[in-house]
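A.B. asks: Sequence and predicted structure are below.
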Amino acid sequence: MEFFASIATLLREWLSNGLGLSATSTELIATAVWTLVVILFVLINLIVLVWLERKYGAFFQQRRGPNRLGPAGFLQFPVDIVKVLGKEDIIPAAADKPVFKIASICAFVTTITALAVIPFGPGMVLEDLNIGIFYFIAIGSTATLSLLMAGIASNNKYSFIGAMRTVAQMISYEIPMVFSLLGVVMLAGSLRLSDIVAAQQNMWFVIPQAIAFLVYFIASIAETNRGPFDLAEGEQELVAGYFTEYSGIRWAVFFIAEYGNLVAVSSIATIMFLGGWNAPFGLTFLPPFLWFMLKVYCMIFVFMWVKWTYPRIRIDHLMHFGWKFLIPVSLANIVITGIGIFVYNSIGW
Amino acid sequence: MYGQGLIKGLSITLKHFFGKKITQQYPEERPQLPKRFKGSFTLIVPKCISCGLCANSCPNHVIMIESEKDENNKKKLKGYKMMAERCLYCGFCVEACPTKALQWNHNFERAQFFREDVNLDLFNNYVPSPEDEKTAKPEKKEKVEESAQAS
């Protein structure tokens, strides 16, 4: 939105002219401010998302969900945050303490850094990298590492099994996810996210890349460790998976990272397949940022819908599905997209 | 075809999402209890003949009866306590009562701050009501008459 862009330029002008700072320090301070904005964006989304998750989950099960505190139970989660902040910070005696402490912060950092390249509107992006989607995938892979750190440092069998499962699952599903995004990149001819959005001005890529969208959707559920692929924290078998030993604020940081990942994955789905901030059918009465958020929240609704509908999949079925079905399908999709582009170009419309 | 069940499942949950919610908002909305619901106990004092069958039938010795004999050498109830903290709510006492003086009621909100408050003093907490004055005896008389007529 122009409003935010004008705030950005005003801030830069005030820093360089008003305060007389050098170009480097202006850039540093401006970047710090925008990073803070992104973190705040994640936290605000977290409050809304936890409320939505509880409400949606209740509605899908014919319940009412939280309804005592605030309008429709909206204040339940802020009160829960206060409770979590007041809890004792317990670190197990046998845990690998430095790694244990770092792990939750690492998970949060990967989420924040992944959100750095996401354009929420025209010009509303922290860093419009020319390899944006590549960067996103690379950062997404490092999230596996923080979960593995948490699982191994806890020195607990449930945490360990949970972490192992997470690693196996995330590495397996990273491949179909990347392959499904490759089709879109081939159509758009760019790895820069804003270019990909611009390429969808006339037609969203969900139409020519419907199969890729489905593959991406399934793989991203597995990537974010949500149901029905939440084997890493299956309560019935593994207590809480890799964060069994975490409590209080450290657990809350994992929680924030999880929902931040959900936002990031939904944003990428919106950018790559649902046309980003482009309004459908020329309905431009809403600003682009709101269109973007609307699409993201629609994606999140579908994520939650799937989570609250299906039972948890078994670990060997998960692996078979990933390696024997999703990867061949996504590879075939790349081949077909390539042939399609070649035919399209040789006909020369 | 693969995936039909998945789509069916999604459609069912979507119907639930927009459909009517079935949760009962308990403190505001009272539950409709069945007639034979086993909640707490009521003792209809005028009906009680202090025979002690309830106390005898109790597996946990929960019931304590105090009685005295009046001028007609008839037993009269003086106190009736139930140590409900160890009551297992089997209902043998209610079954044993020959005059149906001891009955179940629908009070299920029995939580208390102190342990002693759980115990029931059914004699002193008895609230007289006109319906209780109908004794169990006429019923018995009818039966006697019926048997007499039959013979």
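C.D. replies: Thanks, I have it.
A.B. asks: contacts, neighbours, all on C-alpha from now
C.D. replies: Fine.
A.B. asks: Three-state assignment for B:Ser67, please.
C.D. replies: Following DSSP: H, G, I helix; E, B strand; the rest coil, B:Ser67 is assigned to strand.
A.B. asks: partner residues bridging it?
C.D. replies: Judged by DSSP bridges, the bridge partners of B:Ser67 are B:Leu77.
A.B. asks: and it, how many neighbours?
C.D. replies: Residues lying near B:Ser67 (other Cα atoms under 10 Å in any protein chain shown) number 16.
A.B. asks: again, but for the one 10 residues further on
C.D. replies: With neighbours defined by other Cα under 10 Å, the count for B:Leu77 comes to 17.
A.B. asks: Over to A:Val48?
C.D. replies: As a burial measure, A:Val48 scores 13 neighbours (other Cα under 10 Å).
A.B. asks: ok, now B:His16?
C.D. replies: As a burial measure, B:His16 scores 17 neighbours (other Cα under 10 Å).
A.B. asks: can you pull the contacts of it?
C.D. replies: A:59-62 (Cα atoms under 8 Å, 6 or more residues apart in numbering or on different chains).
A.B. asks: of those, list those near chain B.
C.D. replies: Among the contacts of B:His16, the ones lying near chain B by Cα under 8 Å from any Cα of the partner chain are A:59-62.
A.B. asks: Excluding chain neighbours, give the residue nearest to residue 64 in space.
C.D. replies: By default, I'm working from chain A. Excluding the flanking residues, the one nearest A:Arg64 by Cα to Cα, 6 or more residues apart in numbering or on different chains is A:Ala58, at 5.5 Å.
A.B. asks: that's the other chain; I wanted chain B
C.D. replies: Among residues not flanking B:Met64 along the chain, B:Lys81 sits closest, at 5.1 Å (Cα to Cα, 6+ apart).
A.B. asks: is it true that that neighbour lies in a helix?
C.D. replies: No: counting by three-state DSSP, B:Lys81 falls outside a helix, being strand.
A.B. asks: how close does it sit to B:Glu116?
C.D. replies: Look at B:Lys81 and B:Glu116: by Cα to Cα, to the nearest Å, they are 12 Å apart.
A.B. asks: one step back: show only the entries of the ones next to chain B among the contacts of B:His16 found in helices.
C.D. replies: The members of those that map onto helices under DSSP state H are A:59-60.
A.B. asks: follow-up on the earlier one: and B:Lys81 and B:Glu116? which has more neighbours close in?
C.D. replies: Neighbours were tallied for B:Lys81 and for B:Glu116 using other Cα under 10 Å; the higher tally belongs to B:Lys81 (16 against 11).
A.B. asks: doesn't B:Phe123 make contact with that one?
C.D. replies: Yes: between B:Lys81 and B:Phe123 there is a contact under Cα atoms under 8 Å: 7.1 Å.
A.B. asks: picking up where we left off before, now the residue nearest to B:Met64, which residues is it bridged with?
C.D. replies: B:Met64, B:Asp121.
A.B. asks: Excluding chain neighbours, what is closest to B:Ala96?
C.D. replies: In space, B:Ala96 is closest to B:Cys54, 5.7 Å off (Cα to Cα, 6+ apart).
A.B. asks: again with A:Ile118
C.D. replies: Nearest in space to A:Ile118, with sequence neighbours left out and distances taken as Cα to Cα, 6+ apart, is A:Val125 at 6.0 Å.
A.B. asks: so when I look at that neighbour, I'm seeing a strand, right?
C.D. replies: No: under three-state DSSP, A:Val125 sits outside any strand and is assigned coil.
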